[in-house]
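In: Give me coordinates for this.
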Amino acid sequence: MTNILVIDDDSTIRFLLKAILEQAGYHVLCASGGDEGLQLFRAHTIELVITDILMPGTDGLAVIRELLASDPETKIIALSGGGMVLTAEISLHVARRMGAFESLAKPFTRDELLAMVHRILQASELSTGEALQDALPLP
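Out: Numbers count the residues shown, from 1 in each chain. Sure thing, here's the model as predicted:
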């Protein structure tokens, strides 16, 4: 079963993401902040991380930087609804420049989220399959 880590300081968003993703057949771990999310990432095999950008403490940009430093192949979706200073568009642009695989502005629909998750995981499986095929000796 595919493990997805959701990091968001908003408990309602965490609950909704977990419900949508579990209903689609994924196993979901949740963290209420960046530090907790990084601990869960280190303790489990995670195929995809969905992180909010604007959070107190260790924010999503720091999480992205840390995740990619430990594993440059980490698949990340950055979420943002914007804040008092930064708009969602600016936050998500910065997240993409830092290495987030995709970005999604809040509010988003269930279908938008699931399509993005499916696309990322499918691309990941294809590249893993190609790498395995390249590693196998030819007959």
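In: okay, now the nearest residue to Glu112 once chain neighbours are set aside: neighbour count?
Out: Using C-beta to C-beta, 6 or more residues apart in numbering and skipping the chain neighbours, the partner closest in space to Glu112 is Leu104 (6.7 Å). Glycine gets a C-beta too; all of them are placed from N, C-alpha and C. Counted with other C-beta atoms under 10 Å, the burial measure for Leu104 works out to 19 neighbours.
In: which helices and strands sit right next to whatever helix or strand Ala69 lives in?
Out: Per DSSP states H and E: Ala69 is located in helix 60-70. For helix 60-70, the helices and strands in contact under the criterion 3 or more C-beta pairs under 8 Å, 6 or more residues apart in numbering; DSSP states H and E are helix 34-43, strand 48-52, strand 76-80, helix 88-98.
In: Run through this protein and note the low-pLDDT ranges.
Out: Across the chain, the ranges flagged by pLDDT under 70 are 82-88, 91, 93, 126-139.
In: let's go with 80 and repeat that
Out: Under the criterion of pLDDT under 80, the regions of the chain flagged as low confidence span 81-99, 103, 124-139.
In: Tell me how far Phe108 lies from Gly33.
Out: 21 Å (C-beta to C-beta, to the nearest Å).
In: okay, the two: which has more neighbours?
Out: The neighbour count for Phe108 versus Gly33, taken as other C-beta under 10 Å, is higher for Gly33 (18 against 13).
In: who's in contact with the more buried one?
Out: With contact taken as C-beta atoms under 8 Å, 6 or more residues apart in numbering, Gly33 is in contact with Ile7, Asp9, Met55, Pro56, Gly57, Thr58.
In: Considering those residues, which possesses the most neighbours?
Out: Neighbour counts for the contacts of Gly33 were taken using other C-beta under 10 Å; the highest belongs to Ile7, with 29 neighbours.
In: Is it correct that that residue is in contact with Leu29?
Out: No. Counting by C-beta atoms under 8 Å, Ile7 does not reach Leu29; the two are 9.3 Å apart.
In: hang on, the earlier thing: with distance to Ile13 and mean neighbour count as added columns, please give the helices and strands packed on helix 60-70 in TSV.
Out: Listed next are the helices and strands packed on helix 60-70 as TSV, based on distance: least, C-beta to C-beta, whole Å; neighbours: other C-beta atoms under 10 Å:
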stretch	distance to Ile13	mean neighbour count
helix 34-43	13	17
strand 48-52	7	26
strand 76-80	8	25
helix 88-98	13	18
